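Would you be able to build a 3D model of this:
(chains A and B)
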Amino acid sequence: MRYNKKSTASLKSTNVALQYRKQSRANMLWRQFKKNKGAVSGLVLIVVIILIAVASNFIWDYDTQITGMNSLERLLSPSLSHPFGTDHMGRDVLARVCYGARYSLLIGFSAVSISMIFGAIIGSIAGYYGGRVESIIMRIVELFLMIPAILLVIIFVSVFGTSLLNLIIGLGASTIPHFARNARASVMTVRGSEFVEAAKAVGASDLRIIFDHVLPNAFSPILVQATTRIASCIIDAAAFSFLGLGVPAPLPEWGAMLADARQFLRDHPNLTVAPGVAIMLTVFAVNLIGDGLRDALDPKLKK
Amino acid sequence: MRLLERCANDAISTNSERNTGFEGENVLEVKDLRIRYETEDAVVYAVNGVNLTLKRQCTLGLVGETGAGKTTTVLSLLRLVPSPPGVIASGEIIVNGRNVMQMSSRELQQMRGNEIAMIFQDPMTSLNPVMRVGDQIAESIRKHEKVSKKESLERAKETLLKVGITADRANDYPHQFSGGMKQRVVIAIALACNPTILIADEPTTALDVTIQAQVLEMMKALKDEYKTATIMITHDLGIVAETCDEVAVMYAGRIVERGTLREVFKETKHPYTEGLFNSLPDINDRKSELRPIKGQTPDPMKTYPGCVFVERCPYAVDACFEGYPDEVQFSDTHYAACKGYNDKSFHIMRGG
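The predicted structure follows:
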């Protein structure tokens, strides 16, 4: 018996050792991330919001309940069947807010993907080559940085028309310069590494070095910037919809819902609460994740 | 007898037949190589007219103080001198009969890793931390040979086995290896494409002594197996005695003495080489003080009219201040750049 016990114990310890060896970078990141309670709750919150966004499509009928009109049930106060009441078109506010998560998340993630991808490419080319290439690229980037991002989006949307797609492209394009600057800075710290020189010494091409060796090592600041940028993108999108430059009317985007509810603010303030809280919670969750990622990726903060 | 000399004697006696066995063709010829770094404030003359030859399968030790231009010289063989600020002002570098200076960037990429491979000084930083080591070895293979991804990974695992690492560790990341094992991986990357010339830039400086011996032993065995010519950069004369067939001593961007291991160690001709040997501790006379070479290495931002070593040379005469000395030939392989030998009776204290 005793012998058996011993052997299982040693088996366990080899298992632990094996597991430790199999740890990849992603695993280490997750372990570090888990320690931050705020970040984990942010992650849980965002997962719940994503689930709601996905489920809303199956719970409510888009044409009748989300964008349709029901004149019998206009401006009802909160009740069991309509927990947040109904709006001036007689639509259930809860349904619209839940459905609206789809737009906010879509805008946030796709706009940031656009700016991150292009910003990272432009910035890493500038940072890697240096010299004249860098000067030319960065001067152009700075030219765009001079114009406020909001103005850029307004110009873009008013030229190409208001639509969801144009809003996403506009929001994405307007922050490419910020990402390019950040990417350039972090690529420059990796560019001089010995492993980059080693990659050159085995005959790797410049493109290969940038995408296989430099960018993956320079990526953490860019990723952190992306998460915080998602939050501000969601707010910006709401702001543009509120101003009538974002998502067109019947779509249940949170900012647009706020704009619609504004005219009933005195008699039916409950209409503004739901989309407002929804924006706040989503932004809060994304920011928490961003903070957690920054801490987990920063080697200096590791214990 | 000094420890080093004992080592050298052993090495020379075991290497003696190899020493004479290098009648083969030159895989590398460097002629009058001059490199300078041009910054806004100053011009640094890093390499000032280096001549080198390397025969097939021969190991050449490149020794000298920090800042003597050793690393710049070998980086230029791969055309990897950072530019700007580095400028290769003149010189010919002929690798396997082709001039590296005239290669297009595509030809250079094909040559790097395939004909000349390099082992870097610090294994901690010369591996990409976010890439599996197997992929890093396979990258070089895939670059130079038309093989599938799977095949290149298989080859990578075989190479890992050659440097004494089990194949299943190919899926691990560099941080999961110890320093010595990382250096083995770096060596595996360098040898993956079976290069004609291997450059090892202080391959053991970052390792502790017990691992140093292992790694050197392994490099020696692999060098014989792959039939690679090697340039070994080091400032450890013990390592030179252990591993090299020929030695070139560099000082202030010039090669002041070159010859076979025996010639440079036993029949030292140049005062600087003598100074290097004198500054080593003596194992039999532990109480004796070290005898360093007096003074500092010359300022690389200045050009000197005479011999670069003249300020520190105990044998300096007036002629040494005018014009850099020509190389004096002592045997088919042994050269030293010293004006002292214009006088037939001149000899230094050490050697013959």
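
switch to C-alpha atoms for all contacts and neighbour counts from now on
OK.

Find the centremost residue of chain B, please.
Among the residues of chain B, the one closest to the centroid is B:I233, at 2.8 Å (CA atoms, centre = their mean).

Now do the SS call for it.
Using DSSP: H, G, I helix; E, B strand; the rest coil, the structure places B:I233 in strand.

Bridging across strands, which residues link to it?
B:L62, B:D201 (DSSP bridges).

State the distance from it to B:A248.
Taking CA to CA, to the nearest Å as the measure, B:I233 falls 10 Å from B:A248.

ditto for B:L160
Counting by CA to CA, the gap from B:L160 to B:A248 is 32 Å.

Over to B:E154?
Distance of B:E154 to B:A248, given as CA to CA: 39 Å.

Verify the contact between the residue nearest to the centre of chain B and B:G69 for me.
No - using CA atoms under 8 Å, B:I233 is not in contact with B:G69, being 10.6 Å away.

Which residue ranges of the chain form strands?
Since no chain was named, I'll use chain A. With strands called from DSSP state E, chain A shows none.

wrong one, I was asking about chain B
Using DSSP E, strands in chain B cover B:26-38, B:43-55, B:59-63, B:86-95, B:98-99, B:116-119, B:197-201, B:229-234, B:246-251, B:254-260, B:327-329, B:335-337.

closest to A:V48 out of those?
Nearest to A:V48 among those is strand B:116-119 (51.0 Å), distances taken as CA to CA.

Low-confidence regions, chain B specifically.
B:1-24, B:351-352 (pLDDT under 70).

Residue numbers of it in contact with chain A?
Residues of chain B that fall close to chain A, judged by CA under 8 Å from any CA of the partner chain: B:78, B:80, B:108-114, B:117-118, B:120, B:125-130, B:140, B:143, B:172-173, B:176, B:190.

re earlier: turn the strands of chain B into a markdown table, including distance to B:V185.
Shown next, in a markdown table, are these (distance: least, CA to CA, whole Å):
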| stretch | distance to B:V185 |
| --- | --- |
| strand B:26-38 | 26 |
| strand B:43-55 | 26 |
| strand B:59-63 | 21 |
| strand B:86-95 | 26 |
| strand B:98-99 | 30 |
| strand B:116-119 | 10 |
| strand B:197-201 | 14 |
| strand B:229-234 | 18 |
| strand B:246-251 | 27 |
| strand B:254-260 | 30 |
| strand B:327-329 | 40 |
| strand B:335-337 | 37 |
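
Mind checking those strands for the one nearest to A:L297?
strand B:116-119 (29.8 Å).

got the contact list for the closest one?
By CA atoms under 8 Å, 6 or more residues apart in numbering or on different chains, the surrounding residues in contact with strand B:116-119 are A:198, A:201-202, B:78, B:186-187, B:190-191, B:195-201, B:203.

Swap in 7 Å and give it another go.
Identification of contacts with strand B:116-119 by CA atoms under 7 Å, 6 or more residues apart in numbering or on different chains yields A:201-202, B:186-187, B:190, B:195-201, B:203.

swap in stretch B:198-213?
For stretch B:198-213, the external contacting residues (CA under 7 Å, 6+ apart) are B:71, B:116-122, B:179-180, B:228-234.

The same query, at a cut-off of 6 Å, please.
If you take CA atoms under 6 Å, 6 or more residues apart in numbering or on different chains as the criterion, stretch B:198-213 is touched by B:116-122, B:230-234.

Next, the buried residues of it.
Neighbour counts using 16 or more other CA atoms under 10 Å in any protein chain shown place B:198-204, B:206-207, B:211-212 of stretch B:198-213 among the buried residues.

quick one: which of those is nearest to B:G275?
Nearest to B:G275 out of these is B:E202 (CA to CA; 21.1 Å).

in chain A, what secondary structure element scores lowest on mean pLDDT?
One helix or strand of chain A scores below all others by mean pLDDT, DSSP states H and E: helix A:2-22, with a mean of 46.

Tell me how many other residues crowd A:R132.
10 (other CA atoms under 10 Å in any protein chain shown).

Can you check the pLDDT for it?
What the model reports as pLDDT for A:R132 is 90.

Also the one 4 residues further on?
According to the per-residue confidence, A:I136 scores 95 in pLDDT.

Look up how far chain B lies from it.
17 Å (CA to the nearest CA, to the nearest Å).

again with A:N182
Distance of A:N182 to chain B, computed by CA to the nearest CA: 20 Å.

Compute the number of surrounding residues for that residue.
Using other CA under 10 Å, the number of residues around A:N182 comes to 20.

Report the spatially nearest residue to the residue in the stretch 251-352 of chain B that chain A sits nearest to, omitting neighbours in sequence.
Distances between the stretch 251-352 of chain B and chain A by CA to the nearest CA are smallest at B:G253, namely 22.3 Å. Spatial nearest neighbour of B:G253, excluding adjacent residues (CA to CA, 6 or more residues apart in numbering or on different chains): B:V47 at 4.0 Å.

Show me the beta-bridge partners of the one you found.
Beta bridges link B:V47 to B:I35 when assigned by DSSP bridges.

quick one: the helices in chain A?
Under the criterion DSSP state H, helices of chain A are mapped to A:2-22, A:25-34, A:37-59, A:93-129, A:131-146, A:149-160, A:164-174, A:176-191, A:194-201, A:206-208, A:215-242, A:254-262, A:270-297.

And the second one, what does it pack against?
Helix A:25-34 makes packing contacts with helix A:270-297 when contacts are defined by 3 or more CA pairs under 6 Å, 6 or more residues apart in numbering or on different chains; DSSP states H and E.

what residues are up against residue 86?
Because you didn't say which chain, this covers chain A. With CA under 6 Å, 6+ apart, A:T86 has these contacts: A:75-76, A:92-93.

look at chain B instead
Counted by CA under 6 Å, 6+ apart, B:G86 has contacts B:36-37.

Quick check: the residue of the stretch 201-350 of chain B found nearest chain A vs A:A198, distance?
Nearest residue of the stretch 201-350 of chain B to chain A (CA to the nearest CA) works out as B:D201 at 11.7 Å. For B:D201, the distance to A:A198 (CA to CA) stands at 12 Å.

With B:T297 instead?
Distance from B:T297 to A:A198, by CA to CA: 29 Å.

Could you check which of the two is surrounded by more residues?
Neighbour tally, B:T297 and A:A198, criterion other CA under 10 Å: the higher count belongs to A:A198, 23 against 17.

Which residue comes closest to that one once chain neighbours are left out?
Nearest to A:A198 is B:S126, by CA to CA, 6+ apart, at 6.1 Å.

And for B:L33?
Going by CA to CA, 6+ apart, B:L33 has B:G91 as its nearest residue, at 4.0 Å.

what about that neighbour, neighbour count?
As a burial measure, B:G91 scores 17 neighbours (other CA under 10 Å).

Quick one: residues contacting it.
B:31-33 are the contacts of B:G91 under CA under 6 Å, 6+ apart.

Between the residues you listed, which sits nearest B:Y324?
Set against B:Y324, the nearest of the contacts of B:G91 by CA to CA is B:D32 (13.7 Å).

got the contact list for that closest one?
B:D32 makes contacts with B:49-51, B:91, as judged by CA under 6 Å, 6+ apart.

Distance from the chain centre to stretch A:144-164, please.
In terms of CA atoms, centre = their mean, to the nearest Å, the centre of stretch A:144-164 is found 20 Å from the chain centre.

circling back: can you report how many residues lie near the residue nearest to A:A198?
Neighbour number of B:S126 under other CA under 10 Å is 21.

Check the one 5 residues further on too.
Other residues within reach of B:M131 by the criterion other CA under 10 Å amount to 18.

A:N36 now?
Counted with other CA under 10 Å, A:N36 comes out at 17.
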